[in-house]
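Undergrad: Turn this into a model:
(one chain, ligands or ions: 2)
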Amino acid sequence: MSDHNDDPSAQESAPIVGARLVPHITIQAFCENAKTAQMVEQAVGDRRMNKVALTTHNGGINAAIEIYRVNPTPNLVILESSLQADELLTALENLAGVCDASTKVIVVGHANDVELYRKLIRFGVSEYLVMPIASVALVDTISEQFASDAAEPIGRTIAFMSTKGGAGSSTIAHNTGWAISQAVRRDVLILDMDLPFGTAGLNYNQEPPHGLADAVFSADAIDDVVIDRLMSKCANHVNLLTAPGTLDRDYDFEERSFEQIIEICQKNIPIVVLDLPHTWNAWVRHTLSTVDEIVVVAEPDLANLRNAKTMLDKLKDLRQGESEPLLVLNKVGVPKRPEIATNEFGASIDAECFAQISFEPALFGSAANNGQMIAEISSSHKINDVFNKLAMKTTGRDEQASTDRGGVLPGLLKKLKLA
Ligand SMILES: Nc1ncnc2c1ncn2[C@@H]1O[C@H](COP(=O)(O)OP(=O)(O)O)[C@@H](O)[C@H]1O
Ligand SMILES: [Mg+2]
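TA: Ligands and ions are numbered 1, 2, ... in the order given. Below is the predicted model:
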């Protein structure tokens, strides 16, 4: 084996040892000075930032507050501020009122002030950097927050499953994933876990050569680089790990076969949508017991009612202390079909229906045949409200709407209240 150590060009292009890529996060920077904006923009050139979507804005914290009053917040906000300590904390408090719980904040300041640093960290700010700094130091900080072993996984996992095959959970999963990408503007990864029959590729008009099967049957170790290679981008912010949809092999899995893949996805992408098949075995049960949110999709008939009851009971058992599954009734109002009324359906199994979607064969049929989302076929159709409502609820943004976002930056605000 040859030793490349004495070749300077090889050393230059060698990856920084232990440098992981920062995951698929969105970052927005608010800079008061052109020099700071330049430093932030240079950070994009760092190879660790390859997957990051970064935008810079002129103006400091007040510009950020104005923007986030009407726009979703990214995973990370970088704020340059030359405000005095008290003013800065008041401004951050105002920012907290318009910011999402999961958004992290890095403050770039001009005073080398330990007291201020302590106050900011206590307030919930992730880091305080003092200018002048090189962009590599900023990337180090971002990397520490999002890519280190100590970093919490950025991803929220949302599983969709039907109470009977064909009830519509895949369709609702794909459309909700789309709605999340549009309304919350974070990267979404949809895992089609119905390996023999899954339709995510068809519904998004994608025929990638690789997908989830390559990951789960891989003999080699899986990491975020492999996942990035296997997934296909099908829209701005929407990625897929498709199912092969063939019967070339059997699909038998162990209880934990998907565990590591889901964990890696969760570290790599902010929103992971799991499109589960309607089946019950060890890996499905285990997956459902570990995800953040579950959406159960049922049609309003007796078999679905029985299955909804058994599923919701079982999930309650499996997920004590976790969020309760959301029940969605789909295909409501099929002509001439005797149906169980929505309130009766919920009342008889002691559950609340989170939403209902009417039977719209022309709309859903065209979407399925064209490989498009409902919003692409008809952006003004009221069914989109249901997908948006699901998008907000499953990403933890429902309180945001009802309280006009006030008090929702728990990361920052809760700490303040505790302080
Ligand atoms: N509200 C609806 N109205 C009409 N057709 C629907 C509706 N929801 C879903 N469908 C159609 O029902 C079929 C089954 O949906 P799918 O999402 O694959 O179900 P599941 O994943 O629960 O088995 C698809 O052809 C889909 O287009
Ligand atoms: Mg399905």
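
Undergrad: which bits of the stretch 151-300 of the chain sit near ligand 1?
TA: 162, 165-171, 199, 278, 297 (CB under 6 Å from any ligand atom). C-beta coordinates here come from the backbone N, C-alpha and C atoms, glycine included.

Undergrad: quick one: which of those sit in helices?
TA: Residues of these located in helices (DSSP state H): 169-171.

Undergrad: Can you add pLDDT, distance to Arg337 and neighbour count and give the residues you listed back as CSV?
TA: Listed next are those as CSV, based on pLDDT from 0 to 100; distance: CB to CB, whole Å; neighbours: other CB atoms under 10 Å:
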residue, pLDDT, distance to Arg337, neighbour count
Ser169, 98, 19, 26
Ser170, 98, 21, 29
Thr171, 98, 18, 23
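
Undergrad: What's the biggest helix in this structure, counting residues?
TA: helix 302-318.

Undergrad: what's the neighbour count on whichever residue of the stretch 251-400 of the chain sits closest to ligand 1?
TA: Residue of the stretch 251-400 of the chain nearest ligand 1, by CB to the nearest ligand atom: Phe364 (3.4 Å). Per other CB atoms under 10 Å, the neighbour tally for Phe364 reads 19.

Undergrad: Then Pro244?
TA: There are 21 residues near Pro244, going by other CB under 10 Å.

Undergrad: what's near enough to touch the residue of the stretch 1-150 of the chain found nearest ligand 1?
TA: Ligand 1 sits closest to His24 of the stretch 1-150 of the chain, with a gap of 25.7 Å, by CB to the nearest ligand atom. Applying CB atoms under 8 Å, 6 or more residues apart in numbering to His24 gives the contacts 51-53, 187, 239, 268-270.

Undergrad: What is the most widely separated pair among those residues?
TA: Val52 and Asn239 (14.7 Å; CB to CB).

Undergrad: More neighbours: the two, which one.
TA: Using other CB under 10 Å, the more surrounded residue of Val52 and Asn239 is Asn239, with 26 against 22.

Undergrad: Show residues contacting the helix or strand harbouring that one.
TA: For Asn239, the element it lies in under DSSP states H and E is strand 238-241. Here strand 238-241 makes contact (CB under 8 Å, 6+ apart) with 24, 177-178, 181, 187-192, 200-201, 204, 206, 208, 211-212, 215, 227, 230-234, 265, 269.

Undergrad: how about 6 Å then?
TA: The set of residues external to strand 238-241 that reach it, using CB atoms under 6 Å, 6 or more residues apart in numbering, is 181, 188-191, 200, 206, 211-212, 231-234.

Undergrad: right, and the helix or strand after the helix or strand of the chain with the lowest mean pLDDT?
TA: Lowest by mean pLDDT, DSSP states H and E among the helices and strands of the chain is helix 8-13, with a mean of 38. Later in the chain than helix 8-13, the nearest helix or strand by DSSP H and E is strand 26-31.

Undergrad: what's the helix or strand just after that following strand packed up against?
TA: The C-terminal neighbour of strand 26-31 among helices and strands, as given by DSSP H and E, is helix 34-43. Helices and strands touching helix 34-43, by 3 or more CB pairs under 6 Å, 6 or more residues apart in numbering; DSSP states H and E, are strand 53-58, helix 135-146.

Undergrad: same question for helix 34-43, mean pLDDT?
TA: For helix 34-43, mean pLDDT rounds to 97.

Undergrad: try stretch 251-268
TA: 96.

Undergrad: Now do that stretch: everything it contacts.
TA: With contacts defined as CB under 6 Å, 6+ apart, stretch 251-268 is touched by 23, 153, 155, 189, 195-196, 215-216, 222, 224, 227, 272, 282-283, 286.
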